[in-house]
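>>> Here is a sequence with its predicted model. Questions after.
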Amino acid sequence: MRKWPFIFIAGLLVLLAACGNSSESTGGGDPKAGGSTLDRLKKEGKVKLGVANEKPYGYKTSDGEVTGVAPEITKAVFKEMGIDTVEGEVTEFGSLIPALQAERFDVVTAGMDIRPERCAEAAFGDVEIRYGEGMAVQKGNPKNLHSYEDIAKNPDVKVSIMAGANQHEFLKELGVKENQIETSDSISSNIAAVSSGRVDATVMTEATLREAVESADQSKVEEAKPFTQPEIGGESVMSYGAAVFRKEDNELREAYNAELKKLIDSGKILEIYEEFGFGEDNLPDDVTTEDRCGQ
């Protein structure tokens, strides 16, 4: 008779272990939703996007709509996936990946350049756009700045850039000193720093810069022309933008990539490009996400 308590306890332990193994076997799913992120999005019929306020890549219109070349590409892709409702939230560029990891967004779509340090934190989709650099200077370009190298050559030159942007590493690689660089959380603040004379230049991607200068007081600031695209190690620093996913959301990322490929192959992506001032030169080339992540 004394064996019964031991048999009961042993059986209970086996049952608990089995329940634990069953829970672990659902790897990759969302325990709150009972499935993967892709399952949840399809069930709810909506997706939440994280966007930086950076025209023409992504921004919010006066009526509250989130648009731009990157969000519109993402909307087109999700529509083909059967997800029609898209909710967007604009935040600082440097906060996008942390907010994605914190599950404030399902996807980040900001034309974000694929870089190894970012690949360590999140999973990028396939390349959907590529783009070059640009520079704005004070009216008349008094410091005669036409390249990132020109900034490096003159230690008295000050430059303002977006916090968390690629340009910080580009400038440092080309010899610009840390004490020459200021950062700001918005495009308008970077342009204002030039207009006020606090800095001599601001650098950002070409399309963003053109939009910003057109919206600024052009009696105080202008686009640096001509401008020489920077090269590091003998290679152009052309940027390659893609949507960004949480690392555990491989199923969602692969489904997205499949529909993105159809959008590119059909030529429909060009229609979206052209709406925001881009063209065939911005189409993906042979460079892959794996290449950019250094894998």
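Sure, I can see it. Numbers count the residues shown, from 1 in each chain.
>>> For the residue most central in space within the chain, which residues are in contact?
By Cα atoms, centre = their mean, the mean C-alpha position of the chain lies nearest to Met112, the distance being 2.4 Å. Applying Cβ atoms under 8 Å, 6 or more residues apart in numbering to Met112 gives the contacts 52, 93, 96, 118, 124, 241-242, 244. (Each C-beta comes from the backbone N, C-alpha and C, glycine too.)
>>> and if we set it to 7 Å?
By Cβ atoms under 7 Å, 6 or more residues apart in numbering, Met112 lies in contact with 96, 241-242, 244.
>>> For those, give me TSV that also has distance to Val287 and secondary structure.
Formatted as TSV, the contacts of Met112 follow (distance: Cβ to Cβ, whole Å; DSSP: H, G, I helix; E, B strand; the rest coil):
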residue	distance to Val287	secondary structure
Leu96	22	helix
Gly241	11	strand
Ala242	11	coil
Val244	17	strand
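>>> pretty sure Asp84 is touching Glu44, no?
No. Counting by Cβ atoms under 7 Å, Asp84 does not reach Glu44; the two are 10.9 Å apart.
>>> Highest neighbour count among the contacts of Met112?
Ala242 (29 neighbours; other Cβ atoms under 10 Å).
>>> ok, it touching Phe124?
Yes. Ala242 is in contact with Phe124 according to Cβ under 7 Å; the separation is 4.5 Å.
>>> which residues do the two both contact?
Contacts common to Ala242 and Phe124, judged by Cβ under 7 Å, 6+ apart, are 114, 289.
>>> between the contacts of Met112, which is closest to Ala70?
Within those, the smallest distance to Ala70 is 6.6 Å, found for Gly241 (Cβ to Cβ).
>>> What is the neighbour count of the residue nearest to that closest one when sequence neighbours are not counted?
Excluding the flanking residues, the one nearest Gly241 by Cβ to Cβ, 6 or more residues apart in numbering is Gly111, at 3.7 Å. A count of nearby residues for Gly111, using other Cβ under 10 Å, gives 29.
>>> So for Gly111, what's the pLDDT?
pLDDT for Gly111: 94.
>>> and if you look at Ser62?
So Ser62 comes in at 89 (pLDDT).
>>> Please apply the same query to Lys43.
So, for Lys43, pLDDT stands at 96.
>>> Over to Gly20?
Gly20 is given a pLDDT of 43.
>>> ok, now Thr85?
pLDDT at Thr85 comes out at 95.
>>> That one and Gly45 touch, don't they?
Yes. Using Cβ under 7 Å, Thr85 is in contact with Gly45, at 5.6 Å.
>>> hmm, back to that, kindly provide the distance from the residue nearest to Gly241 to Val51.
10 Å (Cβ to Cβ, to the nearest Å).
>>> Mind listing the shared neighbours of these two?
In contact with both Gly111 and Val51: Gly58, using Cβ under 7 Å, 6+ apart.
>>> Contacts only, for the residue nearest to Lys220 when sequence neighbours are not counted.
Spatial nearest neighbour of Lys220, chain neighbours left out: Ser195 (4.2 Å); criterion: Cβ to Cβ, 6+ apart. By Cβ under 7 Å, 6+ apart, the residues touching Ser195 are 216-217, 220-221.
>>> If we use 8 Å, what do you get?
Applying Cβ under 8 Å, 6+ apart, the residues near Ser195 are 138, 216-217, 220-221.
>>> number of nearby residues for Thr61?
So Thr61, with other Cβ under 10 Å, has 9 neighbours.
>>> Asp106 now?
25.
>>> Then the one 4 residues further on?
Neighbour count of Ala110, defined by other Cβ under 10 Å: 27.
>>> Is it correct that it is in contact with Glu54?
Yes. Using Cβ atoms under 8 Å, Ala110 is in contact with Glu54, at 6.7 Å.
>>> measure Leu41 to Ala207 for me?
29 Å.
>>> Helices along the stretch 151-295 of the chain, start to end?
For the stretch 151-295 of the chain, helices defined by DSSP state H, counting those that start in this stretch occupy the ranges 167-173, 187-195, 206-215, 250-266, 268-275, 289-293.
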